[in-house]
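> Below are the sequence and a predicted model; questions follow.
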Amino acid sequence: MNSRLLLSRFGASLSAARRPAARLPRHALPAIRRYATSEQHTMTVREALNLAMEEEMTRDENVFILGEEVARYNGAYKVTKGLMDKFGEKRVVDTPITEMGFAGIAVGAAFQGLRPICEFMTFNFAMQAIDQIVNSAGKTYYMSGGNVPCPVVFRGPNGAASGVAAQHSHDYAAWYGSIPGLKVVSPWSAEDCKGLLKSAIRDPNPVVFLENEMLYGVSFPMSQEAMSADFLLPIGKAKVEKEGSDVTIVAHSKMVTHSLEAAEELAKEGIKAEVINLRSIRPLDIDTIIKSVKKTNRLVVVEGGFPMFGVGSEICAQIVESEAFDYLDAPVERVTGADVPTPYATNLETLAFPDTPLITKIL
Amino acid sequence: MIRPATLHRLAYPRVSSNSLARCRAIPKRALSSTSPTYLNEHLPKSTSPIVSNPHFFNSVTPDGSGIPTYRVLDGSGKVLEGAEVPEVSEEMAVKMYENMLLLPTLDNVLYNVQRQGKISFYMTSHGEEATIIGSAAALDNQDEVLGQYREMGVLLWRGFTLDNVMAQCFGTEEDISGKGRQMPVHFGSPAHHFHTISSPLATQIPQAAGVAYALKRDPERRGKNVAACYFGEGAASEGDFHAGLLLASTLPSPTVFIARNNGFAISTPSSEQFFGDGIAARGPGYGIHTIRVDGNDILAVLDATRKARELSLRDGRATLIECMSYRVGHHSTSDDSFAYRPRSEVEDRKRIDNPTLRFRLWLEGRGWWSEEKEKECKERLKRDVMKSFKRAEGVKRCEVGELFGDVYAGEEPWMQREQRAELASLLRKYGKVWGPWKKELGKFRNEGEDLMGKA
């Protein structure tokens, strides 16, 4: 495992110099229209998240938002823009800067029957509230014998952004993904964000909703169905974004973009890659992956987190334990972030995470 | 905790607490200052008056003395001069007293039951009966309570039965708190408006602010109910305490915070837990109306809690009560407190300042209680507790399959279904033929048939 991981990492560094234009500027990720049918709306991820909250707050009076500067300032990333004006300060609540405080408020309010959406400026800061998320939100329904549900959504940007160093760049999917009692969602497109956030708000369980800062401004097509106020996507189901027969690529969040681009590159060489957008980390839709592996006989898992004990590790383990193992023609490959605290230097940071050329090269 | 010397003093006592002894070694600097004040000048974002002398302060009282402790009854059950006895009927006073007797009766039985290995863990309330019952009696029974773990008395006051207590501690199928999924004393009951106890310390404090926020949002309960949050002085060292008080005061939300300052955080004496003037000194820092009360005086606790509740409801804001008492019992059954405090200190405390005796003397002075009633009540309570305990010993646990239930509300994900199915297949294979499993399954309701199917 290690040798392959290291090889991937050094392979990336070594080839970096030879592909000066390989990496797209981060603010200019292209709008992805390729998989859409004609005459569709487009929407940025930020707008989709905002719309999902607006629709759910209109639908259910018990839904409210709290966090640092979510109200008058419209949110650090403007995801809650306009919501205070529409719903008032009682339902869009600015709080002092204490994560364990406002996460605790959210958990208590959920115990008492409200449906809070707790925004963290980034999930890196949610570490200061992780006891409330894991021990209180995640375990109380079980420990109370089913007496006390905790329908809360913890949401905010997760994983690496750009030039913000190690303490702002951590992907926590694996952390929360290991907790029974939590549901964990890691959406990619605008449709994902709208449908999954609406489902998360309606879910009777605590849901950790991991967004990606780099995707907030990216536009995606929205189907007629997705524009409806009743549009829900099921938590716990992955989506096959591109069908193929030669290799399965499983990714979540921003890595879906890179995986799809890599699949396009490979198509030029006649390799048909199947790309699965995980959407949910927990419950993990392992059945969709097993089905795909049985068809393609090869599996590559791509994520923006660290390699050890990660989402890829879990998928790899579950595949090895399943009937899909007998269908594998090659070892499962993990493509992950480098096993170092994220570097601040732009050139090193770029090399620390998978991107389209790296995924293409490994495939 | 109150020094013995102050107990029989009739005058309103100044604070005199061992836990505060270290602070008193340094003279308190009062806030008042004689320097000229320029009232019309202010800094931006501030209403603080400008002065011309550098003056440090380290006290929330104007004269730099310690925060006083409110008391109604002295150690001999007599009303302090100038004190007003809160309104309390004979019926209510007797109910309060009987609950004060019930707590140690239950505690003694369950403590010994733990020592016999029949339950895994227990925590007694010895020494804090007045704090717990007095505050419970002051609250409305619909007020949401978020306890720490030593507040069984609140549930008893609200009609949580002895069978409910035993079922929780023994983890039987009758456990309405958590289907046997929690350690003993981790009670919870939505019917009694008592939130499930959480082991990590102080998490209930910000949650209480959230619960109170939800009450304020509910038209049915707005202005009618508060969230009452209990915690020890040790828990007040956790970041959650500061976060919780800050949020309750800024949201704001009608939360009554009740600090049980019993002198010890497990083995750490409160003198090592903080350097300032106890927990009460922190309230004004968060803009919260605060009172320190003699936690061994049930009438003072009753009155202070009632007034705090009224303030919280009137203003929709938080209040803080610091109840000064002494933990006579060990922290829990996992603790032997004589390793860090002399047995004589505990014995002295029990003799000199017994909260139950103090209240009994007052009751007897009014003719509401007597030696005969005492004898009859203690015998009755002991009989009831023993009956309930013996009954609980014979009750089975929940079905084995409950192990996987309630991890998620709503539709059950595949992980739980798969694990249940795996256990079921193992039980079908070995459950009836392998001795140890067969014997163990006998302890569960339906003896594993919920998973294995009927024989």
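Sure, I can see it.
> can you give me how far the helix or strand where residue A:66 lies is from the chain middle?
Residue A:66 is part of strand A:63-67 when elements are defined by DSSP states H and E. In terms of CA atoms, centre = their mean, to the nearest Å, the centre of strand A:63-67 is set 20 Å apart from its chain centre.
> likewise stretch A:321-329?
How far stretch A:321-329 lies from its chain's middle: 27 Å, per CA atoms, centre = their mean.
> try stretch B:67-87
With CA atoms, centre = their mean, you get 22 Å for stretch B:67-87.
> same deal with stretch B:242-255?
Relative to its parent chain, stretch B:242-255 has a centroid offset of 19 Å by CA atoms, centre = their mean.
> re the thing from before, tell me which strands and helices the strand holding residue A:66 is in contact with?
Packing partners of strand A:63-67 (3 or more CB pairs under 8 Å, 6 or more residues apart in numbering or on different chains; DSSP states H and E): helix A:45-59, strand A:92-94, helix A:99-111, strand A:115-119. Placement of C-beta: from N, CA and C, glycine included.
> most packed of the ones you listed?
Per-residue neighbour counts averaged over each of the helices and strands packed on strand A:63-67 give the maximum for helix A:99-111, namely a mean of 30 (mean count of other CB atoms under 10 Å in any protein chain shown).
> CA atoms of it as CSV?
Once side chains and other backbone atoms are set aside, the C-alpha atoms of helix A:99-111 remain, and they are given as CSV (Å, rounded to 0.1, in the frame of the first residue of the first chain):
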residue,chain,number,x,y,z
GLU,A,99,-18.2,26.5,18.2
MET,A,100,-19.0,24.3,21.2
GLY,A,101,-21.5,26.9,22.3
PHE,A,102,-23.5,27.2,19.1
ALA,A,103,-23.2,23.5,18.3
GLY,A,104,-24.5,22.8,21.8
ILE,A,105,-27.4,25.2,21.3
ALA,A,106,-28.2,23.5,18.0
VAL,A,107,-28.2,20.0,19.7
GLY,A,108,-30.3,21.2,22.6
ALA,A,109,-32.8,22.9,20.3
ALA,A,110,-33.0,19.7,18.2
PHE,A,111,-33.6,17.7,21.4
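> pLDDT averaged over that helix - what is it?
Confidence over helix A:99-111, taken as the mean pLDDT, stands at 98.
> quick check, it touching chain B?
Yes: counting by CB under 8 Å from any CB of the partner chain, chain B is contacted by helix A:99-111 at A:100-111.
> same thing with stretch A:128-146?
Yes: remark: stretch A:128-146 sits within contact range of chain B at A:131-132, A:135-136, A:140-146, by CB under 8 Å from any CB.
> mind checking the end-to-end distance for that stretch?
Distance across stretch A:128-146, first residue to last, is 27 Å (CA to CA, to the nearest Å).
> ok, then the element right after the helix or strand where residue B:216 lies?
Element membership for residue B:216, per DSSP H and E: helix B:204-217. Once the chain leaves helix B:204-217, the next helix or strand it forms, by DSSP H and E, is strand B:227-232.
> Residue B:234 and residue B:272 touch, don't they?
No: between residue B:234 and residue B:272 there is no contact, the gap being 10.1 Å when judged by CB atoms under 8 Å.
> higher neighbour count, the two?
Set residue B:234 next to residue B:272 and count neighbours by other CB atoms under 10 Å in any protein chain shown: residue B:234 wins out with 24 against 12.
> With adjacent residues omitted, what lies nearest to residue A:209?
Take residue A:209 and drop its neighbours on the chain: the residue closest to it by CB to CB, 6 or more residues apart in numbering or on different chains is residue A:155, 3.8 Å away.
> and the stretch 51-200 of chain A, which residues reach chain B?
Selection of the stretch 51-200 of chain A residues close to chain B by CB under 8 Å from any CB yields A:64, A:90, A:93, A:95-96, A:98, A:100-114, A:116, A:131-132, A:135-136, A:140-149, A:151, A:180-181, A:183.
> Give the other helices and strands that the helix or strand containing residue A:293 contacts.
Element membership for residue A:293, per DSSP H and E: helix A:286-296. In this structure, helix A:286-296 packs against strand A:247-251, strand A:273-277, helix A:311-321, with contacts taken as 3+ CB pairs under 8 Å, 6+ apart.
> Filter the residues of stretch A:128-146 next to chain B down to just the ones in strands.
With DSSP state E as the criterion, strands contain none of these.
> and these, which of them are in helices?
Members of those lying in helices (criterion: DSSP state H): A:131, A:140-143.
> ok, residue A:360 to residue A:258 distance?
Spatial separation of residue A:360 from residue A:258 under the definition CB to CB, to the nearest Å is 9 Å.
> that older thread, tell me which of the helices and strands packed on helix A:286-296 is the most buried.
Highest mean neighbour count of those: strand A:247-251, a mean of 28 (counted as mean count of other CB under 10 Å).
> quick one: contacts for residue B:182?
A:143, B:168, B:171, B:188, B:196-197 (CB atoms under 8 Å, 6 or more residues apart in numbering or on different chains).
> meant to ask about residue A:77
Under the criterion of CB under 8 Å, 6+ apart, the neighbours of residue A:77 are A:46, A:157, A:213, A:216.
> For those residues, give me TSV that also has secondary structure.
Shown next, in TSV, are the contacts of residue A:77 (DSSP: H, G, I helix; E, B strand; the rest coil):
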residue	secondary structure
A:46	helix
A:157	strand
A:213	helix
A:216	coil
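> now the closest residue to chain A within the stretch 251-400 of chain B, nearest residue through space, not along the chain?
Of all residues in the stretch 251-400 of chain B, the one sitting closest to chain A is residue B:251 (7.1 Å; CB to the nearest CB). Taking CB to CB, 6+ apart as the measure, residue B:251 lies nearest to residue B:213, with 5.5 Å between them; neighbours along the chain are not counted.
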